[in-house]
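Colleague: sequence first, predicted model second:
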Amino acid sequence: MMIGLQLHSAAPLYLVSRRIHKLASLRNATSLPPKKMQSLLYPFRGLEEHLDRSVDRMQFQLFHPSVEDMMEAEKLFCSSPTHRIDYYTSAERLDHAPALKQPEVCFIGRSNVGKSSLIKALFSLTPEVEVRVSKTPGHTKKMNFFRVGKAFTLVDMPGYGHRAPRDFVEMVEPYLYSRKNLVRTFLLVDGSVGLQKADLVALEMCEETRCPYVIVVTKIDKCGRGALLTNLLNLQEVVNSQTTGCFPQPFLISSIHYWGIHLLRCFVAHVTGSVRLKDTSQGGKDANQCH
């Protein structure tokens, strides 16, 4: 399958460390007023009251763990002498990728969708983790591997666009088709603009690989509720009518305000089998059963 996507990564790359955001820790988040805490942990809650009564809300809350389960999952994202989190290596092609046995998750999305910001937020409790970030988009075409102890590996894929399909096909598609320890692909979509043509092609590719995937809606703080809801409902219509391998629930994220970050950490911990959660759903449907 040849798809019209363009890689956008960075040249040169810089390794940077970060200060810990005050809401990166769930313990700090629980000190917020109840309504603010609920919106932070479960961003859909802040939109639900604005939806028409005819809209099925269950599909937006299939994965709904308790705060206690989120606390347990958060431990995975804190580095320690016995659980080291670090940038491991980069690869330009699948045959250069490290042979790692632990479960793997990968993140793909259009250039400027907020992928690097999301990964920084996920790893924000370990500021010593070195994250490769872009300064000038357009040149470097690498997959970046981060090891989370012996629990799982997170792979940051280059961004895609519309001009150079060969690079994306040669690097990313073989990875998605043949990486045996890949347990979930996270496809990022910009919530402020909604699904774009390149996103639809990437979604089609995820369908063809037959590996379970999830849609992460980024930048939900960058537009009004009306525009966000319109984009979200359009997205759900596509998911419901055109996909079989996509987890029905989109994960809503603001990397700036940390909305949805704790929930996404918990989902990653859950699908990699790293943490045994007590209750993952309001509706009683396990996230691993939703392919």
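Modeller: Cool, the structure landed.

Colleague: give me the element the closest residue to residue 32 other than its chain neighbours is part of.
Modeller: Residue nearest to residue 32 in three dimensions, not counting chain neighbours: residue 40, with 6.6 Å by Cβ to Cβ, 6 or more residues apart in numbering. Every C-beta, even on glycine, is put in place using the N, C-alpha and C of the backbone. Using DSSP states H and E, residue 40 sits within helix 34-41.

Colleague: gap between the helix or strand following that helix and the chain center?
Modeller: The first helix or strand that comes after helix 34-41 along the chain, using DSSP H and E, is helix 45-48. Counting by Cα atoms, centre = their mean, to the nearest Å, helix 45-48 is centred 20 Å from the centre of its parent chain.

Colleague: helices and strands around helix 45-48, which ones?
Modeller: helix 34-41, helix 225-242 (3 or more Cβ pairs under 8 Å, 6 or more residues apart in numbering; DSSP states H and E).

Colleague: recalculate using a threshold of 10 Å.
Modeller: helix 34-41, helix 225-242, strand 251-252 (3 or more Cβ pairs under 10 Å, 6 or more residues apart in numbering; DSSP states H and E).

Colleague: thinking again about what came up before, pull the residues that contact the helix holding residue 40.
Modeller: With contact meaning Cβ atoms under 10 Å, 6 or more residues apart in numbering, helix 34-41 is reached by 23, 26, 29-33, 44-47, 64-67, 70, 254, 257-263, 266.

Colleague: so how do I select the buried members of those in PyMOL?
Modeller: To isolate the buried members of the contacts of helix 34-41 in PyMOL, using 16 or more other Cβ atoms under 10 Å:
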select buried, resi 23+26+29+44+45+46+47+64+65+70+254+257+258+259+260+261+262+263+266
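
Colleague: in helices only, show me the contacts of helix 34-41.
Modeller: Among these, the members falling in helices (DSSP state H) are 26, 29, 45-47, 67, 70, 261-263, 266.

Colleague: nearest to residue 151, of those?
Modeller: Nearest to residue 151 out of the ones in helices among the contacts of helix 34-41 is residue 266 (Cβ to Cβ; 13.3 Å).

Colleague: now for the closest one: which residues touch it?
Modeller: Counting by Cβ under 10 Å, 6+ apart, residue 266 touches 26, 41, 63-67, 69-74, 76, 275, 277, 280, 287.

Colleague: distance of it relative to residue 225?
Modeller: 25 Å (Cβ to Cβ, to the nearest Å).

Colleague: can you name the two of the ones in helices among the contacts of helix 34-41 that are farthest apart?
Modeller: The largest separation in these, counting by Cβ to Cβ, is between 26 and 47 at 21.4 Å.

Colleague: got the contact list for the most centrally placed residue in the chain?
Modeller: Nearest to the geometric centre of the chain sits residue 186, at 4.7 Å (Cα atoms, centre = their mean). By Cβ under 10 Å, 6+ apart, the contact list for residue 186 reads 105-109, 115, 118, 154-155, 157, 206, 213-216, 247, 251, 264, 267-268, 271.

Colleague: before I go, just wanted to say thanks for your time.
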